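Student: requesting a structural model of the entry that follows:
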Amino acid sequence: MTTIALTGATGELGGRVARRLAALGQTQRLVARDPGRAPQLPGAEIVQASFEDIPALKQAFSGTQTLFLVPGNVEGRLKGHFAVVDAAVEAGVERIIYLSFLACAPHPTFTHSREHWQTEDYIRSKGVRYTFLRPNFYIDAVPGWFSPEGIIQGPAGNGTISWVSRDDIADVAATVLTTEGHDGFAYALTGPEALTLDQTAAWLAAASGKAASYKEETYEEARASRAKYNASEWDFTAWISTYHAIATGELSLVSHTVQVLAGHSPQSLAEYLKRNPASYKHII
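Tutor: Residues are numbered from 1 along each chain as shown. Below is the predicted model:
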């Protein structure tokens with residue numbers, strides 16, 4: 001059996017993928033900055049390596065055939081992505097599955113999407129087999145977009161977004177990692193419907209029994225309302241450009257990928273909220 005290397009197994013999405021692979025009896029190597037946080041799973045070896053430590057990465061990837069690369073979420077992450085790809089290729093990895101983003105492009109509205117595009121382009125340039133998974137924003141994170149007062153606000157206009165669950169993404173990832181026929185594909189991963197933020201708020205209100213609403217902001221109002229967080233410009237522009245991307249329609253695509261590759265319908269926002277009442281317990 002081949003061995004699959006995974007980064008990001010200490011996180012919500014990577015951990016889900018690792019658990020699915022273990023359930024399938026797949027041999028895997030979990031590459032983690034902090035091995036103590038990695039899940040203990042049958043058939044999984046845990047190896048310490050950070051995105052900045054190329055020698056450790058090469059050793060971690062040695063003897064593996066496929067890499068599932070979960071991106072970092074820190075400013076300057078592109079250098080780390082390139083280092084992981086270089087180390088994997090030098091270690092003899094034959095196939096890279098990269099967790100990208102739905103609206104990745106050379107000049108996207110959502111600022112982080114450019115880094116995903118550049119990572120994809122770098123992987124293509126290496127001559128290895130590849131597949132790109134391009135999910136929309138997570139359904140799991142939707143309640144966290146709302147304030148304790150039940151308000152979601154930003155310059156999203158009447159645009160729509162097809163929220164997708166981490167579970168559905170993990171199901172697709174496990175299929176792609178353990179089956180053939182996916183080389184060269186970029187799979188768009190979405191939920192079953194595209195919702196406005198007004199509709200998103202309505203579903204949250206219905207599930208929670210509490211008031212929830214969308215407050216539209218201008219770009220200037222959005223910057224002012226978030227100034228209290230003292231975030232970096234990298235985070236600041238990402239927050240606001242998220243809503244701009246909704247407004248432009250770049251996040252409105254609804255695909256059938258989950259149904260085709262995972263063999264079941266993708267989870268809707270209404271279903272997620274019904275199953276996870278703890279996710280909105282912060283709303284007063």
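
Student: low-confidence ranges in the stretch 101-250 of the chain?
Tutor: When residues are selected by pLDDT under 70, none of them lie in the stretch 101-250 of the chain.

Student: all helices of it, in order?
Tutor: With DSSP state H, counting those that start in this stretch as the definition, the stretch 101-250 of the chain shows helices at residue ranges 112-125, 166-178, 197-208, 219-226, 233-248.

Student: quick one, which of the ones you listed is nearest to residue 146?
Tutor: The closest approach between residue 146 and any of the helices of the stretch 101-250 of the chain, judged by C-beta to C-beta, belongs to helix 197-208 at 6.5 Å. C-betas here are computed from N, CA, C, even on glycine.

Student: residue 151 pairs with what?
Tutor: Beta-bridge partners for residue 151, by DSSP bridges, are residue 213.

Student: what's the most buried one of the helices of the stretch 101-250 of the chain?
Tutor: helix 166-178 (a mean of 22; mean count of other C-beta atoms under 10 Å).

Student: residue 98 sits in which helix or strand?
Tutor: Counting by DSSP states H and E, the element that carries residue 98 is strand 95-99.

Student: related to what we said a few turns ago, can you tell which of the helices of the stretch 101-250 of the chain is closest to residue 17?
Tutor: Among the helices of the stretch 101-250 of the chain, the nearest to residue 17 by C-beta to C-beta is helix 166-178 (4.8 Å).

Student: just the CA coordinates for that closest one, please, in PDB.
Tutor: Output of helix 166-178 as PDB, limited to C-alpha atoms (Å, rounded to 0.1, in the frame of the first residue of the first chain):
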ATOM      1  CA  ARG A 166     -15.700  20.700   6.300                       C
ATOM      2  CA  ASP A 167     -17.100  17.200   6.500                       C
ATOM      3  CA  ASP A 168     -18.100  17.300   2.800                       C
ATOM      4  CA  ILE A 169     -14.700  18.600   1.800                       C
ATOM      5  CA  ALA A 170     -13.000  15.900   3.800                       C
ATOM      6  CA  ASP A 171     -15.200  13.200   2.200                       C
ATOM      7  CA  VAL A 172     -14.100  14.400  -1.300                       C
ATOM      8  CA  ALA A 173     -10.500  14.700  -0.200                       C
ATOM      9  CA  ALA A 174     -10.500  11.100   1.100                       C
ATOM     10  CA  THR A 175     -11.900   9.900  -2.200                       C
ATOM     11  CA  VAL A 176      -9.400  11.800  -4.300                       C
ATOM     12  CA  LEU A 177      -6.500  10.700  -2.200                       C
ATOM     13  CA  THR A 178      -7.400   7.000  -2.400                       C
END
